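>>> mind folding the following:
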Amino acid sequence: MGSITKTAGVSQAQRIYPAAGFEAPTSELLRRAFGTYATGIAVIGARGADGTLVGMTANSFTSVSLNPPLVLFCPARTLSSFKAYSTTTHFSASILPAGAEGVSNHFARSNSGKWSAVAHGTSETGMPFLDFALACFECEVVARHDAGDHLIVLGQVLQVQLADWKEPLVFFRSRYRQLDALAQPAASEEEPPFSVWG
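Numbers count the residues shown, from 1 in each chain. Here you go, the predicted structure:
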């Protein structure tokens with residue numbers, strides 16, 4: 001029988017999980033398991049070598065560091081626009097708000113001229129941003145790392161635009177979701193006992 005410990009004021013039983021409860025990581029099992037981690041959705045924008053704007057839907061957009069301000073995203077090598085993401089010096093990330101399922105689907109498709117169909121602007125470096133995004137990040141690529149069937153692109157944030165009165169679009173178990181309620185009362189100013197920005 002596992003011993004009982006106190007962690008952050010909550011009693012928890014220390015358990016040793018039997019090996020029989022685990023399975024070999026097949027692609028299908030991994031896809032389902034990864035899907036239990038709820039994420040937001042971002043549209044990642046960039047320019048190809050010929051100046052053409054490209055865009056992709058990603059739930060792999062992740063904060064990495066506050067100082068220096070770093071983020072990353074992971075384009076699949078099968079993307080039609082992979083060459084642009086693997087060579088660009090800058091990229092943008094537009095965080096989608098609730099109700100933007102159509103925009104997410106639009107940028108997930110393999111077609112050209114994606115940005116011409118949505119309201120957007122461009123930065124001084126030529127990166128595209130969605131006008132209605134929850135937040136926008138303009139980033140300079142500082143590193144790339146091979147990672148299996150994806151590429152990890154690490155960027156340093158140059159500029160941020162925030163519209164924090166909106167709610168986010170959420171992706172969970174291969175379905176779009178929306179937030180239902182706050183986990184704690186909005187009036188509470190107490191900081192959680194862990195970092196929630198990344």
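
>>> tell me the centre residue of the protein?
Central residue check for the chain by Cα atoms, centre = their mean: the C-alpha nearest the mean position is that of residue 61, 2.7 Å away.

>>> and it, how far is that from residue 180?
Distance check for residue 61 against residue 180: by Cβ to Cβ, to the nearest Å, it reads 23 Å. C-beta coordinates here come from the backbone N, C-alpha and C atoms, glycine included.

>>> likewise for residue 60?
Distance from residue 60 to residue 180, counting by Cβ to Cβ: 24 Å.

>>> and what of residue 151?
Distance from residue 151 to residue 180, counting by Cβ to Cβ: 35 Å.

>>> more crowded one of those two?
More crowded of residue 151 and residue 180, by other Cβ atoms under 10 Å: residue 151, with 18 against 6.

>>> would you say the more buried one is within a strand?
Yes. When DSSP: H, G, I helix; E, B strand; the rest coil is applied, residue 151 is found to be in a strand.

>>> that one reaches residue 91, doesn't it?
No. Contact criterion Cβ atoms under 8 Å: residue 151 and residue 91 do not qualify, at 12.0 Å.

>>> which neighbours do the two have in common?
Shared contacts of residue 151 and residue 91 (Cβ atoms under 8 Å, 6 or more residues apart in numbering): residue 85.

>>> can you give me the strands in the chain?
4-7, 10-13, 39-40, 42-47, 53-58, 62-65, 70-73, 90-95, 120-122, 128-130, 135-147, 150-162, 169-172, 175-178 (DSSP state E).

>>> which one of those lies closest to residue 30?
Taking Cβ to Cβ, strand 150-162 is the member of the strands of the chain nearest to residue 30, at 12.9 Å.

>>> having no further points to raise, I will conclude here.
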